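[1] build me a model:
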Amino acid sequence: MPDMDPRRRRESFNTVAELYAAYRLAYPDVVVADVVAQAHIASGRRVLEIGCGTGQLSVPLAASGAQLTAVEMGADLAAIARRNLARFPGVQVEVATFETWPLPESPFDAVVCATAFHWLDPDVRSTKAAQALRSGGVLALVHPHHVLDGNPGFFRDTSRCYVRWGLGDDPLWLPPSPDDLPAMYQELDARPEYASVERHRFDATRRYTTESYIGLLQTDSLILGLDGAPRAGFLADLAELVESHYGGEVSWRTVYEVVLATRR
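    Numbers count the residues shown, from 1 in each chain. Predicted coordinates for the structure are as follows:
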C-alpha cells in the first residue's frame, strides 16, 4: 500500500491543482440550494468556507452575494480559486490550514465545508467551527458517499486493479448501498456548542468518459500515494478496462450528505 499518512494525503491535492480544477465536478444544484437555504446564506451574510479547493462550491456561495472568506491550505489550489472568484471583488481566499488560521474577532453567520471536513484534526474541527460562528449561525458540511449502483460488475473489475497495484486487499470489494450509509460527523450531535443537528441526503448519478474518469482518478489522494510508474500503470489498466469492457463510458452514483449544525 502507498503512504497512507493523513497529512500527506490531504496535502497531495495541491500537487495536481490544475487537474483538480479540470476534473472535479461542481456540486449538484440541489445540494448547493440546500446549503444556501438551510445555512441562510444571502447577500451581506458573512460566510467562512473551509478547504475551498479550486472553488467548486465557493463560486455559487459568492454568487449569493455573501461576504465570503475561504481558507485553503494549498497555495496552487488557492490561486485557481482566486481566479475562479475574480468577478466577486469582496471574496477573500487565504492560504492556511483551518487548524492554525486565526479567527477574526467578528463571528460568521455560516461556516461551510465541502468534501474536506474529514481531513481536519478531529480534536479541533468541531470546536473551532463553533467558535467561528455567531449564536444561531449554521455549520454546513457536505460529504459525498460513493455507493453501489446498477453496475456492480464494474466495481469488481476495478477492485482487482486496485489489488494488483497495491491500492487494496479485497478483490471482491463493493461500495455500500445507500441504505447502509452511516450518518456522518456524529461527533456534532454530542457537542454542547450546537443546539441542533440535521442531515439531508441527495442522490446523483454522473457519467464519465474514459478521459474524464481517469482525470478524476488522478486527483484521488490514495492514487497520488503511488510513485510515478506504478501510478501510470494503474491508470492505464483502468483506462483499458473502461474502453474495452464498458464502451468508454461509466456511471458513478453518489449520495451527498448535507450536515447542518446550529450554533447554540
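[2] going by C-alpha atoms from here, please, whenever you check contacts or count neighbours.
    OK.
[3] separation between residue 246 and residue 152?
    Using CA to CA, to the nearest Å, one obtains 12 Å as the distance from residue 246 to residue 152.
[4] cool, residue 175 as well?
    From residue 175 across to residue 152, the span is 9 Å (CA to CA).
[5] quick one, strands of the protein?
    Counting by DSSP state E, the chain has strands at residues 46-50, 67-72, 92-95, 108-114, 133-146, 194-209, 249-263.
[6] out of the ones you listed, flag the one nearest residue 124.
    Of all those, it is strand 46-50 that lies closest to residue 124, at 13.0 Å by CA to CA.
[7] what packs against the closest one?
    Packing partners of strand 46-50 (3 or more CA pairs under 8 Å, 6 or more residues apart in numbering; DSSP states H and E): strand 67-72, strand 108-114.
[8] hey, where'd the helices end up in this protein?
    For the chain, helices defined by DSSP state H occupy the ranges 6-11, 17-23, 29-38, 58-63, 75-84, 125-132, 152-164, 187-190, 210-217, 221-224, 228-246.
[9] in CSV, list those along with mean neighbour count.
    Formatted as CSV, those follow (neighbours: other CA atoms under 10 Å):
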stretch, mean neighbour count
helix 6-11, 14
helix 17-23, 18
helix 29-38, 16
helix 58-63, 21
helix 75-84, 20
helix 125-132, 19
helix 152-164, 17
helix 187-190, 14
helix 210-217, 18
helix 221-224, 19
helix 228-246, 15
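[10] any chance of those in TSV, plus mean pLDDT?
    As requested, those are arranged in TSV below (pLDDT from 0 to 100):
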stretch	mean pLDDT
helix 6-11	87
helix 17-23	98
helix 29-38	98
helix 58-63	98
helix 75-84	98
helix 125-132	98
helix 152-164	93
helix 187-190	98
helix 210-217	98
helix 221-224	96
helix 228-246	97
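[11] quick one: closest of these to residue 180.
    helix 152-164 (15.8 Å).
[12] how about residues contacting the closest one?
    Helix 152-164 is contacted from outside by 168-175, 234, 237-238, 241, using CA atoms under 8 Å, 6 or more residues apart in numbering.
[13] ok, so of those residues, who is nearest residue 41?
    Checking these one by one against residue 41 (CA to CA), the nearest turns out to be residue 175, at 33.4 Å.
[14] measure that closest one to residue 118 for me?
    Per CA to CA, residue 175 is found 18 Å from residue 118.
[15] kindly report the same for residue 149.
    According to CA to CA, residue 149 stands 24 Å off from residue 118.
[16] the two: who's more crowded?
    For residue 149 and residue 118, the more surrounded residue by other CA atoms under 10 Å is residue 149, and the numbers stand at 19 against 16.
[17] how about that one, nearest residue that isn't a chain neighbour?
    Leaving out its chain neighbours, the residue that sits closest to residue 149 by CA to CA, 6 or more residues apart in numbering is residue 253, at 6.0 Å.
[18] just grab the bridge partners of the one you found for me.
    Listed beta-bridge partners, residue 253: residue 205 (assigned using DSSP bridges).
[19] so it makes contact with residue 178?
    No: the criterion here is CA atoms under 8 Å, and residue 253 misses it with residue 178 at 9.8 Å.
[20] overlap in contacts of the two?
    Shared contacts of residue 253 and residue 178, counting by CA under 8 Å, 6+ apart, come down to 147-148.
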